[in-house]
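Undergrad: Everything below, folded, please.
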Amino acid sequence: MQLFPNGLRTLLLLCLVANLVACDGQKTNYIEEGKRLYKAGDYKKARLAFDNAAAVDPENIQGRYELAEELSQLGDIQDAARQYQIVVNQDARHVMARVKLGQIYLLASKIEAAEKMADEALAVDAENVDAMVLMGNVLAAQNNSDAAFVKAEAALQKTPDDVGASLLLASLTAKTGKLDKAIALLQGAIGKHAENTAMRLMLAKLYSQHHDLEKAEATLAAVVKIEPESVEHRKRWAVFLVNNKQVDKAETVLRAAVAELPDDEQAKLMLVDFLAAQRTPEIAIAELIPMIEQNAGQYELRFKLADLQLAQKQADKVEETLKEIVELDKQGPQSIEARNKLARLYKASRRVDEAKSLVKELLDGNPDDLAALTLRGEIALAENRVPDAITDFRSVLSEQPKNVAVLKLLGAAHLVNKDTVLARENLEQIVGLVPGDEIARLDLVNLLLQAGDKEQATQQLNTLFRLNPNSKNGLEALFKIYATQKQWDKALNTAKQLQQAHAGDAAGYYLSGLAYRAEGKLEQSTLHFEQAVQRQPHAVEPLSQLVKNYLMSKEADKALSKLHDVLEKQPKNFFAYNLLGEVYARGNKYGDAVKAYQQAIVINPAWSVPYRNIALIHILQKHKNDAIDILRKGIDSTAESMELEADLAALYDQDGEHQKVIDLYEDSFRKHPESLNRLNNLASYLAEHANGAEALARAAKLAGPLAEMKDPYMLDTVAWIAYKQGDYEKSRQLLLQAFELNPDIAVSDYHRGMVYFKQGDKGRAQEYLHKAIDKKVDFNGLAEAKETLKALEKNTQ
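TA: Numbers count the residues shown, from 1 in each chain. The predicted structure is shown next:
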């Protein structure tokens, strides 16, 4: 018996097919919309469109895999990886999703993750050539060339003409130094895959290594002929020509790209970038302006014009260009990008209020504008509104958890907030995402060292050296670890490795000089400092340490001779003039010293050090008024240097001129209201020397923001104001927070002792007053600490 009559069965089949076609059409529409948005730079909406495409039929694993392939071809690797990962999660036997995801991991230098994908793929199908090639590439990345050779040859035995396996074998062969054999392998493979550009690109690279530049160029030209629509191929050809000093020919290649691909915006941008780098920015701008006039809808050309104008420090023209984009695109994505760039320009130009206003406008229109949120966070961080900055950065990262730039900003905010644990977690995320980011990894090493975790710090450096065995920054950090541990033999070996790896650089010789001096080998130390100075005559530290060695050896004449020689060749070297002044001052030749310091000031009036040095000479000569005059001049010339302000405040304080100190700090904070350190100076001094409850209340109000900071000195200031106001419990709690951040601050021990004294806890009062005094440092209140302790001890006898 038939379950359905023939007519009904046909009808059901037609409905099913129609439904599938409708779904497929809907999915295609979403994909095309996503492509359009991605190319327009609206990545968030593009991702939403791609997600909608996947949601049309979420159980269709092959459809999702095809979506991942589309995204990969588009260049949206992040979203492609996301879709491949979903396929991997849904289908334990999908080999190619694992292969493709493994390839992405390999490109991102995530070797372990790539190996996992290769293992899983081979577990499903041990004979899959693509999986075998992936594993071979993983082994090659792990420097296990022998095992990689085995995989490549096994893959070629199974599929003799496989492109990936051929590329891997040629690469491994070239790595052994057998360039001729590698070239022959590729030539043979190309004979079977005449249209394959990847093989030809590797062949061009090998020809270059073989110094056969004519064949290398011919191969690159052939690649362009095979895929003439690819701008990247033309760019690669032009870069090759530039690297081989054929700049005019490179320009011809790029101009041909513009002529042959008239609608391709990237071809035009490529030519403009070339002209800016190889000719002049003015020539690039002159070429770009007609392009903009002829291609009004190609906004990237206008953004490039703004970039070039910014590089030329033409802020007014940058503003004009960005405002034109805003006017042309109204409320579109290009207008939003232009307004974000405009706000960033305002911030860089110190037009902070205008930047804030524009950011507010952007966020009012779209609270999820990630660029605007990032900039608002940066402004908050610059103004020391750290909690606000952290909130904004976290909002961005909730949408873009792998945004390395914002992760770095969040880490910086945590450091300002003294949250070293959170800062460390951020850096660990960054090096996980970008293993080759040496700066982030070294920042992590420094945090680990500060926490006393030398083992973890060394492990991080070992990872860095696996990626870059001769990393200059890494070797310098390793030297620092050994120096901290006073393992001078290991430190010296590291410095010598740095010399060998970077022979033309001063760093290895400079560090060797430090190590030899620490071992008491002053003559060898001096020799290495001299070599460092020879290699980098303008470097500050090698010259400074060389002069120090001469003085330690009682060879002031050599120090003077060296400095005069440097200044003859570098008459604008203000640092050398300052060193010259220091040598004269040590020899009590104060007149010559002051002249040298004054010359340093003439060359660089914004540098605070020579002002301080002249002031010190005046103080030694009992000319306090002259010291005050030079410090005041320095403060005016250095945008209120806090070091000079502290020196001047100390001189006023010695004479009991407390109101002058208050006026000095008031003026400094008025000019720099964003500086919490200046606020702390003012509030702290007011707490000690303000007269009356009204003045204390003002100090407390000023110090309010300091209570939110994880800074022991700032918390101590707020605590001492509370003490002065009689709120001893609040003071005790704040001092406890300060102690947890830094237990070694003498003045905080004194303040805790006084709080306990007022609360009647004489035992603890004695304990902390003893701690303060026993630290053998001078602090404001030392006399009171001694007097109070003496009275307490007398009463307990």
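
Undergrad: Look up the closest residue to L362, ignoring the ones flanking it.
TA: Using Cβ to Cβ, 6 or more residues apart in numbering and skipping residues adjacent in sequence, the residue nearest L362 is A372, 4.0 Å away. Backbone N, C-alpha and C define where each C-beta goes, glycine included.

Undergrad: Revised request: answer the last question for V242.
TA: Using Cβ to Cβ, 6+ apart and skipping residues adjacent in sequence, the residue nearest V242 is A250, 4.9 Å away.

Undergrad: Also R732?
TA: V755 (5.0 Å).

Undergrad: what's the answer for V434, then?
TA: Counting by Cβ to Cβ, 6+ apart, the residue nearest V434 is V404, at 5.7 Å.

Undergrad: burial count for that neighbour?
TA: For V404, the count of nearby residues is 15 (other Cβ atoms under 10 Å).

Undergrad: Would you confirm that it contacts G436?
TA: No: judged on Cβ atoms under 8 Å, V404 makes no contact with G436 at a distance of 11.3 Å.

Undergrad: Kindly provide the distance from L715 to I773.
TA: To I773, L715 is 22 Å away according to Cβ to Cβ, to the nearest Å.

Undergrad: hmm, I was thinking of K496
TA: Taken as Cβ to Cβ, the span from K496 to I773 is 47 Å.

Undergrad: Burial check on the residue nearest to V242, number of neighbours?
TA: Per other Cβ under 10 Å, the neighbour tally for A250 reads 21.

Undergrad: May I have the residues that are in contact with it?
TA: Going by Cβ atoms under 8 Å, 6 or more residues apart in numbering, A250 touches 237-239, 241-242, 274, 278.

Undergrad: Pull the most distant pair out of those residues.
TA: Greatest spatial distance in the contacts of A250: W237 and Q278, 14.7 Å, computed using Cβ to Cβ.

Undergrad: For these two, indicate the residue with more neighbours.
TA: Neighbour tally, W237 and Q278, criterion other Cβ under 10 Å: the higher count belongs to W237, 24 against 16.

Undergrad: So the more buried one: helix, strand or coil?
TA: Recorded secondary structure, W237: helix (DSSP: H, G, I helix; E, B strand; the rest coil).

Undergrad: For it, give me its contacts.
TA: 217, 220-221, 223-224, 250, 253.

Undergrad: go on, H689?
TA: Applying Cβ under 8 Å, 6+ apart to H689 gives the contacts 658, 661-662.

Undergrad: Test my guess that Q85 contacts K100.
TA: No: counting by Cβ under 8 Å, Q85 sits too far from K100 to count as a contact (10.2 Å).

Undergrad: So for the two, which sits in the more crowded spot?
TA: Each of Q85 and K100 has its neighbours counted (other Cβ under 10 Å); K100 has more, 25 against 16.

Undergrad: Touching the strand or helix carrying the more buried one from outside, list them.
TA: Element membership for K100 (DSSP states H and E) is helix 95-107. Contacts to helix 95-107, defined as Cβ under 8 Å, 6+ apart, come from residues 65, 68-69, 72, 77, 80-81, 84-85, 87-88, 91, 111, 113-118, 120-121, 124-125, 128, 130-131, 134, 137-138, 141.

Undergrad: quick one: secondary structure of the residue nearest to L362?
TA: Recorded secondary structure, A372: helix (three-state DSSP).

Undergrad: N384 against H672, yeah?
TA: No: proximity of N384 to H672 does not meet the contact threshold set by Cβ under 8 Å, at 10.8 Å.

Undergrad: Between these two, which is the more surrounded one?
TA: N384 (18 against 15).

Undergrad: Roughly how far does the more buried one sit from D711?
TA: Taking Cβ to Cβ, one finds N384 at 10 Å from D711.

Undergrad: still on that earlier bit, how far does the helix holding K100 sit from the chain's center?
TA: Per Cα atoms, centre = their mean, to the nearest Å, the displacement of helix 95-107 from the mean C-alpha position of its chain is 28 Å.
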